[in-house]
Structure formats: C-alpha cells, structure tokens
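Trainee: Could you look at this predicted model? Sequence included:
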Amino acid sequence: MTTERRRKLIEVALPLEAINRESAREKSIRHGHPSTLHLWWSRKPLATARAVLFAQLVDDPSARPDLYPTEEAQSARRKDLFDLIERLVVWENTTDTALLAEAHREILASTDGNPPAILDPFAGGGSIPLEAQRLGLEAHASDLNPVAVLINKALIEIPPKWAGHPPVFPGAADTAHSWPGTTGLAEDVRRYGQWMRDEAERRIGHLYPKAKLADGSEANVIAWIWARTVTCPNPACRIEMPLYNKRWLGKKKGKEAYVVPRVVGGRVEFGIGHDVAHAPTKADDDTVTRNGARCIACGTAVPLCRWPTYAPREGPAASVPGSWPSPRRATAAGTTSPRRRSTRPPPGCRSPTEYPTPNSRRQRSGSGCRDTA
C-alpha cells in the first residue's frame, strides 16, 4: 500500500520578493552572522535556505482538500503560510523561539509528526544544515574540503553538544543563574579568547610597539605597508630607491591618506599626507611599472632587466635564494583605537636596520642586458 505524495508549497508558490529582499540584505549584516566565522565561496543566504526548507516540507493547501475544500479557503491558508515565511526570513527573527516553534509545528503537521532528516553532502559554508537545525530538523552535513568540515562542526555539531551547559572557564558560571541555549559556550569562547590575547600580549607584546596618534594617544598597529628597494644605479645618487605602484592608502571622502616619500640625507623617509590638493596623480603615483623603475631622488630610469645587478640580497628577503629586488621597507602603519582607524608614519620615519650580505648578480639575457658576476 502506498500513500499518495502531497504537493508541497514550494511547488505552487513562494513570496519571492520578500525572500530575495532579505537574502540581499544579509550581505551587509556582520554582527553574529556565520559568514564572519570564515569566508566561503558562494555561501547561500540563510534566508533563502530557511524559506526553501520550510516550503519543501509544508503541504500546499491545494493538497489538503479535506481541510480546505474551496479555492478561497486554500488562498487564505496560503496567504497565512506566506506571512509566516516573510517573518521567518527576517534576520532579526532568527532568535525568535516562538516564531521558530510555530514553523516547526507547521512542518510536523505536514509530515505526520515525522519530518525527514536533512542531508547536505556538499555543505560548504553550512547554510542549509544550519537552517534545518534552526527549524528543529535533524541535520547532517559533509564536504570534501576540510575547511568546510571545520565550519560545519563549529555551526551545527559543537553548539548542540554544549547547549544549556554553563561555561567551564573558572568563575564564569557564577556570573549568571542560568545559561540557556549556547550562551555558556559563547561565554567560554569570549573568556578563553581574551585569555589567549592577554597571554600573547604578555609574552610577545614588546615585539609589537604601539603607534603614536596625532592627539598623543597610542593605538595598536594593525598593518604595515612596505616596499622593496633597489640601489639607484646613478653613481651620484646611490640611494635605496623604493619600488611601489601606488601611494594611495585610502580614498574615502574626508579620510584621504597617501604616502609622502622624502629624500633626507641620502635616505628615503616616509610621511603620511591627507591634503587632496597635493595628492598623488597618475604621473607620480608609482616608481615601478612593467617596464622598469625610476629613482624618486634623481629620476634615473632602471630597466626591469637591470634589477638583479642593483638589488643586494639583504634584510628579511635574504633567506630566499636569488630573491630580488631585496630589502623590505616599512612605509606606514594603520592603527585602530576603538571604532576609528588612522594612518601614521612608522616610528622615526626611518627604514628598518639593514643586514648587508654579499651582492648577488645573475646572468640574464634578453632585451640587450647581460650581467655577470
């Protein structure tokens, strides 16, 4: 004896406008969204996964003439289901337990109290199994990529195991009377993460000096901008000329920033400029192109094929055999101090200490160039 398959809502109609709108809106949501856990290619919007899972499990009213005998009754019932989906896909409602329970009841009613398990064999970013779990369904996921496996473990495997448990970090459990859901796990992640950060700063913090801001305060350095250098071939110059293809650090209106190189005492020092009137132009924004480089002090052109001759193997790049051009030079530091970011020159506006090693020359043929040791 076989049971006739009932037509599902997804086979008849969906509130696509609401689903598409909320799916597009998700791209701008960062706080609390799984996409912040780890980037993943072609991550499916959670709103879409949630709506599709619900609609493919819930019966369309036309499949239940015993409950909705007329078209008017079926249309009214379908409208109620559309309203439920439109509320389900809103990001702010993902923690609304009452709404999720209502959706789960609808699924149970359409599956005779025995909803099927959801399997996503190529889970990727985990949108489908996560939303299946959110709707109260049994979810399984797999993927060939170990990164995807790790993402899914963090999303759908570990949290349920610790749901309702208090945090294990010493003293954390005493800060609240109850720990519903994954609040205990989240508290452990916060506290152990902070402990690891504090311990790392205690051990190696002295290796990462803070940057001085314009107002005299200090901020953590979040990035260093650097450039390789070669020695200018002009005997009258011989500076360590930096190689870069742009000086702009940021072009956001009102927050423009760019690197300002200066030759002082036979060395190149770097500052930060913000005045748009003196900003780099296409003519002076770079010192290196596909054809070669130019010295910012004397303007001497250096063909690309001549670089191995002028590039000593020194500094951090010296450990790489044949690396050229060589030393790395810090030019600017991006800093952050709660909720604001600025760009500052490196301390002292000096290049890092050089570590000279014997010059390296190579034979290179083509374009009329041949250098020999």
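Mentor: Yep, that arrived. If you're wondering where the values come from, they're calculated on a predicted model, not measured in any experiment.

Trainee: As a check, name the ranges of all helices in the stretch 151-300 of the chain.
Mentor: Residue ranges of the helices in the stretch 151-300 of the chain, as given by DSSP state H, counting those that start in this stretch, are 158-161, 183-204.

Trainee: For residue 146, which of those is the nearest?
Mentor: helix 158-161 (15.7 Å; C-beta to C-beta). Bear in mind the C-beta positions are built from the backbone N, C-alpha and C, glycine included.

Trainee: And the closest one, what's buried?
Mentor: Using 16 or more other C-beta atoms under 10 Å as the burial criterion, the residues of helix 158-161 that qualify are residue 159.

Trainee: now swap in stretch 189-204 and tell me
Mentor: For stretch 189-204, burial by neighbour count (16+ other C-beta under 10 Å) applies to residue 191.

Trainee: could you dump that stretch to PDB, C-alpha only?
Mentor: What follows is stretch 189-204, C-alpha atoms only, in PDB (Å, rounded to 0.1, in the frame of the first residue of the first chain):
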ATOM      1  CA  VAL A 189      34.700  31.500  23.700                       C
ATOM      2  CA  ARG A 190      34.800  35.100  24.800                       C
ATOM      3  CA  ARG A 191      36.800  34.400  28.000                       C
ATOM      4  CA  TYR A 192      39.300  32.000  26.600                       C
ATOM      5  CA  GLY A 193      39.800  34.200  23.600                       C
ATOM      6  CA  GLN A 194      40.500  37.100  25.800                       C
ATOM      7  CA  TRP A 195      42.800  35.000  28.000                       C
ATOM      8  CA  MET A 196      44.800  33.900  24.900                       C
ATOM      9  CA  ARG A 197      45.100  37.500  23.700                       C
ATOM     10  CA  ASP A 198      46.300  38.700  27.100                       C
ATOM     11  CA  GLU A 199      48.800  35.900  27.400                       C
ATOM     12  CA  ALA A 200      50.100  36.500  23.900                       C
ATOM     13  CA  GLU A 201      50.500  40.200  24.700                       C
ATOM     14  CA  ARG A 202      52.300  39.400  27.900                       C
ATOM     15  CA  ARG A 203      54.800  37.100  26.200                       C
ATOM     16  CA  ILE A 204      55.500  38.900  22.900                       C
END
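
Trainee: which residues of the protein score low on pLDDT?
Mentor: When residues are selected by pLDDT under 70, those of the chain lie in 1-3, 305-373.

Trainee: So which residues of it form strands?
Mentor: Applying DSSP state E to the chain gives strands spanning 118-120, 139-141, 211-212, 218-231, 240-243, 248-250, 257-264, 267-273, 292-294, 301-303, 328-337, 340-344.

Trainee: Mind putting those strands into TSV with distance to residue 80 and mean neighbour count?
Mentor: Listed next are the strands of the chain as TSV, based on distance: least, C-beta to C-beta, whole Å; neighbours: other C-beta atoms under 10 Å:
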stretch	distance to residue 80	mean neighbour count
strand 118-120	24	18
strand 139-141	26	21
strand 211-212	58	18
strand 218-231	50	18
strand 240-243	66	24
strand 248-250	50	15
strand 257-264	54	17
strand 267-273	60	18
strand 292-294	69	20
strand 301-303	74	16
strand 328-337	49	20
strand 340-344	48	16
